[in-house]
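*Asks:* Quick one, fold the following:
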Amino acid sequence: MDIAMNIAMEKSKKKKNVLGSIWHNYSFIFVFFIIFIVYAVSSSVMTWSATMNILRHSAVIGIVSLGMGMVCLTGEIDLSAGSTLALVSGFSVVIFNATSGNLFLTAIFSVAFGAALGFINGLLVGVVKMPSFIVTLATMLIYRSFSQYFCQHIPKALIGGGSSVYRMSNKFSGYDIMYAIGNNKLATIPIVGILLIIFTVIFVYILEDTKYGKKIYATGSSEKGAFMTGINVKAVKMSVFVIMGAMVGIAAYLWICMNASSDPATTGSSYEMYAIAAVVLGGIAMSGGRGRMLGVLFGSLSYTVIDKIIIALKMDSLINNAIKGIILIVVILIQIAAPQIKEKLKK
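*Replies:* Okay, the predicted model is just below:
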């Protein structure tokens, strides 16, 4: 009798451990589906096209969030993402117009320029060892200011003939191709959404199946411990900021593909906060060393759906950010409580 009871108790403990492990590792999927169900109920029109629009609207912020997720896994933060997006997208428009609509040179420039701006952050954080919060707060101001300043001083022909907005000239054949990339679909799925999924797969592989990924987790878990095991912490931190910049460069390219323009004052505004929110919703710990890159995809989708729920419920636009802030606090509280719940389930 006692043996049977012990076996039953062991099975119960194993079941609890399995359930706890599933929730701990994939809670971001459950959170997304709960939010999506709320959206489906609140929306008067729920079609496949509307669902695909969620993926499309998540593309730019999702790609930025992948880079942000890698930075956060090392225990750092990048507040310059939105300003970098504005500066890179604006200058990419200039390159597009200057090269008679060469979409390949524009793409190369976007990624390279974004990586260069990220390198500046990485150099100051990784090598000089300045706090990432202060460094990226400063570059946030610098990059946004540069974007606005040069829009007023670059020849009008290169910024599309305007005076306050960078516009791609539609007289070049590359314009139609880039606009098609940003707005067309492949088998009913937005091309930009497909690109987001592809980049997510790449990042999941890098973080989970490569030595470099393990170094990132180790650095975020314990910088001192990582250093003691022979990991070049400075190089790791510098590299994640360069990757972050490159991802913002890719996002900037997609931005001009989707919009054919870039407003230096508003493009990317608050995107660093949206990216951080997507990272947190995706289950990555802001303290570093914990979380999965797959969660960032679902986090960015969740954040987009939250925005659509607010619109569907016709809430006052002035209260939008307050609602998002409350949701963010709740998610962080869940992150803090999750380890405690997991320990209880083990007992």
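*Asks:* hey, where'd the strands end up in this structure?
*Replies:* Counting by DSSP state E, the chain has these strands, from start to end: 166-167, 185-186, 189-190, 261-262.
*Asks:* could you redo these as JSON lines and give each row mean neighbour count, mean pLDDT and distance to residue 252?
*Replies:* C-beta here means a position set from N, CA and C on the backbone, and glycine is covered the same way. JSON lines is the format used below for the strands of the chain (neighbours: other C-beta atoms under 10 Å; pLDDT from 0 to 100; distance: least, C-beta to C-beta, whole Å):
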{"stretch": "strand 166-167", "mean neighbour count": "23", "mean pLDDT": "94", "distance to residue 252": "11"}
{"stretch": "strand 185-186", "mean neighbour count": "12", "mean pLDDT": "92", "distance to residue 252": "22"}
{"stretch": "strand 189-190", "mean neighbour count": "18", "mean pLDDT": "95", "distance to residue 252": "18"}
{"stretch": "strand 261-262", "mean neighbour count": "24", "mean pLDDT": "94", "distance to residue 252": "8"}
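*Asks:* among the ones you listed, which is nearest residue 321?
*Replies:* When these are compared by C-beta to C-beta, strand 261-262 sits nearest residue 321, at 22.7 Å.
*Asks:* chain center to that closest one: distance?
*Replies:* 20 Å (C-alpha atoms, centre = their mean, to the nearest Å).
*Asks:* And stretch 88-106, by the same measure?
*Replies:* With C-alpha atoms, centre = their mean, you get 24 Å for stretch 88-106.
*Asks:* same check, this time on stretch 161-168
*Replies:* Chain-centre distance of stretch 161-168: 27 Å, with C-alpha atoms, centre = their mean.
*Asks:* Same question for stretch 311-329.
*Replies:* 20 Å.
*Asks:* Can you list the buried residues in it?
*Replies:* Neighbour-count burial for stretch 311-329, counted by 16 or more other C-beta atoms under 10 Å, picks out 312, 324, 327, 328.
*Asks:* same deal with stretch 57-75?
*Replies:* For stretch 57-75, by 16+ other C-beta under 10 Å, it's 57-75.
*Asks:* just stretch 214-228 next, same as before
*Replies:* For stretch 214-228, by 16+ other C-beta under 10 Å, it's 215, 216, 217, 218, 219, 220, 221, 223, 226.
*Asks:* ok, back up a step: I'd like to know which of the strands of the chain is closest to residue 136.
*Replies:* With C-beta to C-beta, the closest approach to residue 136 among the strands of the chain belongs to strand 261-262: 20.5 Å.
*Asks:* for the residue nearest to residue 100 when sequence neighbours are not counted, what are its contacts?
*Replies:* Spatial nearest neighbour of residue 100, excluding adjacent residues (C-beta to C-beta, 6 or more residues apart in numbering): residue 172 at 5.6 Å. Contacts for residue 172 (C-beta atoms under 8 Å, 6 or more residues apart in numbering) come out as 96, 97, 100, 101.
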